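[1] coordinates only, sequence not included:
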């Protein structure tokens, strides 16, 4: 018995967190419409994802590696896909997912709608668009130097120790109700989070060394206000 024919929309994202976020938004606007989704990402129970696929969802939201695994196991079929969405396509290429993406795209029906979203138009993305799309239309969002609703400031620090001192001082200001701090490395993110927590500022870290349940718990604490500071690497963020 082959895999069930499913899926009219396939959404491919670079990270588990983004897939979950997209699924949350989909469920919000699809409420009472009898439209169902399945999230297929690495780091989570694959058996549950297989069960979700077998319920014949309308939308599959997944990361390239896990989608490839499900295809190899003959659990997932893509011959019914009518719409493909590549979200943050440039990041997926930067993360080395291009071969997996091309493999997945080769299994889709040729007659479909393609939507590619990318912050930058690199040569790789342009080549992918030319290869996978016919007569594409480009929609470019032109941004000013800054948003009218975003305040920006530069604070100079002498060294790393002074940088942490300045950050701790700023966090002592009650006006900073919820703070997101970006770190270049996963080790740096964890060290900074631990340092802030020891200084009395409730902090959690999200990075590649954290399991999916750990990441989700950190996000839930940040959303609920239990944690005031969330330290994250770019990929995790």
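    Thanks, I have it. Quantities reported herein were computed from a predicted structural model and do not represent experimental measurements.

[2] got the buried residues for stretch 52-67?
    52-53, 57-67 (16 or more other CB atoms under 10 Å). For the C-beta atoms, the positions are set from N, CA and C on the backbone; glycine is no exception.

[3] where's that stretch relative to the chain centroid, distance-wise?
    In terms of CA atoms, centre = their mean, to the nearest Å, the centre of stretch 52-67 is set 15 Å apart from its chain centre.

[4] Would you work out how far apart the start and end of it are?
    One end of stretch 52-67 to the other measures 13 Å (CA to CA, to the nearest Å).

[5] Most widely separated two among the buried residues of stretch 52-67?
    Greatest spatial distance among those (CB to CB): 58 and 65, at 22.8 Å.

[6] Now tell me which helix or strand of the protein has the poorest mean pLDDT.
    In the chain, the helix or strand scored least confidently by mean pLDDT, DSSP states H and E is helix 123-132, which has a mean of 79.

[7] Check which helices and strands that one is in contact with.
    helix 89-94, helix 98-105, strand 113-116 (3 or more CB pairs under 8 Å, 6 or more residues apart in numbering; DSSP states H and E).

[8] Now render the ones you listed as a markdown table, adding mean pLDDT and distance to residue 153.
    Supplementary listing: the helices and strands packed on helix 123-132 in a markdown table, determined by pLDDT from 0 to 100; distance: least, CB to CB, whole Å:
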| stretch | mean pLDDT | distance to residue 153 |
| --- | --- | --- |
| helix 89-94 | 84 | 27 |
| helix 98-105 | 89 | 38 |
| strand 113-116 | 90 | 34 |
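
[9] deepest of the ones you listed, which one?
    helix 89-94 (a mean of 21; mean count of other CB atoms under 10 Å).

[10] Outside of that helix itself, list whatever touches it.
    12-14, 64, 86, 98, 101, 116-120, 122, 124-125, 128, 235 (CB atoms under 8 Å, 6 or more residues apart in numbering).

[11] how much space between residue 188 and residue 194?
    11 Å (CB to CB, to the nearest Å).

[12] separation between the residue nearest the centre of the chain and residue 228?
    Centroid-nearest residue in the chain, with CA atoms, centre = their mean: residue 18, separated by 2.4 Å. Separation of residue 18 from residue 228 (CB to CB): 24 Å.

[13] Now residue 38. Nearest residue, chain neighbours left out?
    Spatially, and ignoring its direct neighbours in sequence, residue 38 is nearest to residue 52 (3.8 Å; CB to CB, 6 or more residues apart in numbering).

[14] these two touch, right, the one you found and residue 44?
    No: under the criterion of CB atoms under 8 Å, residue 52 is not in contact with residue 44, lying 10.8 Å apart.

[15] So which residues of this protein form strands?
    Along the chain, the segments classed as strands by DSSP state E run 9-12, 37-40, 59-62, 83-86, 113-116, 179-183, 203-206, 229-233.

[16] what sits against residue 23?
    Neighbouring residues of residue 23 by CB under 8 Å, 6+ apart: 37, 39, 61.

[17] picking that back up, per-residue pLDDT, the residue nearest to the centre of the chain?
    Model confidence at residue 18, given as pLDDT, is 89.

[18] swap in residue 117?
    On the pLDDT scale, residue 117 is placed at 87.

[19] swap in residue 120?
    77.

[20] Distance-wise, check the closest residue to it other than its chain neighbours relative to residue 14.
    Sequence neighbours aside, residue 90 is the residue nearest to residue 120 in space, at 4.9 Å (criterion: CB to CB, 6+ apart). Separation of residue 90 from residue 14 (CB to CB): 9 Å.

[21] and what of residue 105?
    15 Å.

[22] same thing with residue 31?
    27 Å.

[23] Comparing those two, which shows the higher neighbour count?
    Applying other CB atoms under 10 Å to residue 31 and residue 14 shows that residue 14 carries more neighbours, namely 21 against 9.
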